[in-house]
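>>> got a predicted model here, sequence first, then my questions.
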Protein chains: 2
Amino acid sequence: MARTQGSRADITGPLVRQAALRLFARDGYAAVSMRQIAAAVGVQVGTLYGYTPDKQALLADLMREHMEGVIAAWRDSLGDGSGNGAEDPLARLDRFVAVHIGSSLANVEGVFLAYMELRNLSPENFAMIARLRRQYEDALEAILRDGQAAGVMRISDTRLATLALIAMLTGITNWYRDGGRLDRGHLVQIYCDLARGAVGA
Amino acid sequence: MARTQGSRADITGPLVRQAALRLFARDGYAAVSMRQIAAAVGVQVGTLYGYTPDKQALLADLMREHMEGVIAAWRDSLGDGSGNGAEDPLARLDRFVAVHIGSSLANVEGVFLAYMELRNLSPENFAMIARLRRQYEDALEAILRDGQAAGVMRISDTRLATLALIAMLTGITNWYRDGGRLDRGHLVQIYCDLARGAVGA
DNA sequence: GTCTATATGGTGATAGAC
DNA sequence: GTCTATCACCATATAGAC
């Protein structure tokens, strides 16, 4: 495993982050040592500190990138149907469900970090991640408010419904495996029905 | 903190488990040392090994007791309305929601362990906890099947709906705090509406 | 850019005195 | 039942050679 000399700065950085993501997701931040990450990359432990100031920053960066990716996936899904100015709230809800499931399954390890490692963040990093999470939640709540206002949803508390729907959707990553009983299209369909029902559509 | 001598076997055992539960829930199993647990109890570290064979068994016991408590809370809720032989599936769903929220909020730390520390269990202990979880999930799925058969629910996949509802309900422990904007009765009411909607009632 | 070596301190678990 | 002392090992992070 331990390479001796040989400089590959262009690829070592991404490898460090990829190995850390995989190991943190599998065993948990606190259970993974910098030595394990170094061994997975194929460098000695001291080398890691050329790519991150410390272990905490490595975790925070991975979580930030995950949240930014999830938010970007939602934002980018808006641009697809060009000139689709006034999309129906129910169609927007379906799209949110599909995009959330898609970006979650595309990065299951990131989802694990985002929901399990909050307590291992420093206060400053925690505040940063919490802000990004809130931003994402607010995108869904805006849909529910519009659906409520348009009379196509019946919701007693949009904030609670938002948290309930996101918890419901995120739980998928705990059990879904490609190649199982359901394909992704079917999965999205079923969760669209569950979500529409929950908001009284 | 460190007591010197003095035997209190009858109370030290529960204190060890209580301190471990609190610390594991707050900081995570891997991040908590046996020395921290001992300090919280007020004994020296060697003393802990009179109450548990090792750290792993301490975790597994706490998780097992939590799951057994949740299952018992559901089972005991059946006996209350004596002679209530043929309860409506929708009423049973409401009762499941209320009991789940009640037992979750009564033991938030246990819920944290049950959902965050599965990966820190040995294979044998993991299998034991997974069996208890499945047993609890099956109690909900039986309700959904009956509701489907009775024509009072419309569900395309009862297993998925079960997992979705439990994820939705369990998410509550991530944000609910007594004394906040909502009291527990209101909370249960809102989640009953969400659950009924999700299953097409 | 990567290595080796090291500083400093924490880890789970056990043995044996009291 | 609890303590003290200890074993063998692993942790994060840094300094300086190449």
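Everything's here; your move.

>>> all strands of chain A, in order?
Counting by DSSP state E, chain A has no strands at all.

>>> tally up the residues packed near the residue in it that DNA strand C sits nearest to, please.
Residue of chain A nearest DNA strand C, by Cβ to the nearest atom of the strand: A:G46 (2.7 Å). (Each C-beta comes from the backbone N, C-alpha and C, glycine too.) Neighbour count of A:G46, defined by other Cβ atoms under 10 Å in any protein chain shown: 9.

>>> quick check, pLDDT for it.
pLDDT recorded at A:G46 is 97.

>>> roughly how far does it sit from DNA strand D?
Distance from A:G46 to DNA strand D, counting by Cβ to the nearest atom of the strand, to the nearest Å: 3 Å.

>>> and the longest helix seen in chain A, which residues are buried?
As assigned by DSSP state H, the longest helix anywhere in chain A is helix A:123-150. Neighbour-count burial for helix A:123-150 flags A:125, A:128-129, A:132-133, A:136, A:139-141, A:143-148 (criterion: 16 or more other Cβ atoms under 10 Å in any protein chain shown).

>>> which of these sits closest to B:E68?
A:R133 (32.8 Å; Cβ to Cβ).

>>> excluding its backbone neighbours, what's nearest A:T162?
In space, A:T162 comes closest to A:E141 once its chain neighbours are excluded; the distance is 4.3 Å by Cβ to Cβ, 6 or more residues apart in numbering or on different chains.

>>> please list all residues in contact with that neighbour.
A:158-159, A:162 (Cβ atoms under 8 Å, 6 or more residues apart in numbering or on different chains).

>>> what do you get for A:V108?
A:V108 touches A:25, A:173, counting by Cβ under 8 Å, 6+ apart.

>>> same thing but 10 Å
When contacts are counted by Cβ atoms under 10 Å, 6 or more residues apart in numbering or on different chains, A:V108 touches A:25, A:172-174, A:176-177.

>>> any of those buried? List them.
A:25, A:172-173, A:176.

>>> return the member of the residues you listed nearest to A:D193.
Nearest to A:D193 among the buried ones among the contacts of A:V108, counting by Cβ to Cβ, is A:I172 at 14.1 Å.

>>> how does chain A divide into domains?
Domain assignment for chain A by automatic domain parsing gives A:1-52, A:55-198.

>>> among these, show me which one is buried the most.
domain A:55-198 (a mean of 17; mean count of other Cβ atoms under 10 Å in any protein chain shown).

>>> tell me how far the residue nearest to A:T162 lies from A:T170.
A:E141 is 16 Å from A:T170, where distance means Cβ to Cβ, to the nearest Å.

>>> cool, and A:H186?
19 Å.

>>> A:C192 now?
For A:C192, the distance to A:T170 - Cβ to Cβ - is 16 Å.

>>> repeat for A:P53
30 Å.

>>> and A:V99, by the same measure?
Distance, A:V99 to A:T170, using Cβ to Cβ: 13 Å.

>>> helices or strands next to the lowest-mean-pLDDT helix or strand in chain A in the packing?
Ranking every helix and strand in chain A by mean pLDDT, DSSP states H and E puts helix A:9-27 at the bottom, with a mean of 95. With contacts defined as 3 or more Cβ pairs under 10 Å, 6 or more residues apart in numbering or on different chains; DSSP states H and E, the packing partners of helix A:9-27 are helix A:34-41, helix A:45-48, helix A:55-78, helix A:108-116.

>>> which residues does whichever residue of chain A sits closest to DNA strand D contact?
For chain A and DNA strand D, the shortest gap (Cβ to the nearest atom of the strand) falls at A:S33, measuring 2.9 Å. Residues in contact with A:S33 (Cβ under 10 Å, 6+ apart) are A:23, A:27, A:39, A:45, A:55.

>>> so which of the residues you listed is the closest to B:R154?
A:D27 (41.3 Å).

>>> show me what contacts that closest one?
A:33, A:36, B:30, B:119-120.

>>> got the phi and psi for A:R177?
Here is the backbone geometry of A:R177 (degrees, to the nearest 10): phi -130, psi 130.

>>> related to what we said a few turns ago, and the buried ones among the contacts of A:V108, which is closest to B:P89?
A:I172 (25.0 Å).

>>> wait, that closest one touches A:I166, no?
No - look at A:I172 against A:I166 with Cβ atoms under 10 Å: they stay out of range, at 11.1 Å.

>>> overlap of the contact sets of those two?
What both A:I172 and A:I166 touch, as defined by Cβ under 10 Å, 6+ apart, is the set A:100, B:167.

>>> what residues are up against the closest residue to A:S103 other than its chain neighbours?
Leaving out its chain neighbours, the residue that sits closest to A:S103 by Cβ to Cβ, 6+ apart is A:A73, at 4.0 Å. Shown in contact with A:A73 (Cβ under 10 Å, 6+ apart): A:99-100, A:102-104, A:106-107, A:136.

>>> which two of these have the greatest separation?
Taking Cβ to Cβ, no two of these sit farther apart than A:A106 and A:Y136, at 15.4 Å.

>>> wait, A:A164 sits on B:A198?
Yes - with contact defined as Cβ under 10 Å, A:A164 reaches B:A198; the gap is 9.0 Å.

>>> and the most centrally placed residue in chain A, how close does it get to chain B?
In chain A, the centroid-proximal residue (Cα atoms, centre = their mean) is A:V111; its distance is 4.3 Å. With distances taken as Cβ to the nearest Cβ, to the nearest Å, A:V111 is found 13 Å from chain B.

>>> before we move on, what about A:R35?
15 Å.

>>> ok, for A:L194, nearest residue in space, not its chain neighbours?
That would be B:A198: by Cβ to Cβ, 6+ apart, it lies 4.8 Å from A:L194.
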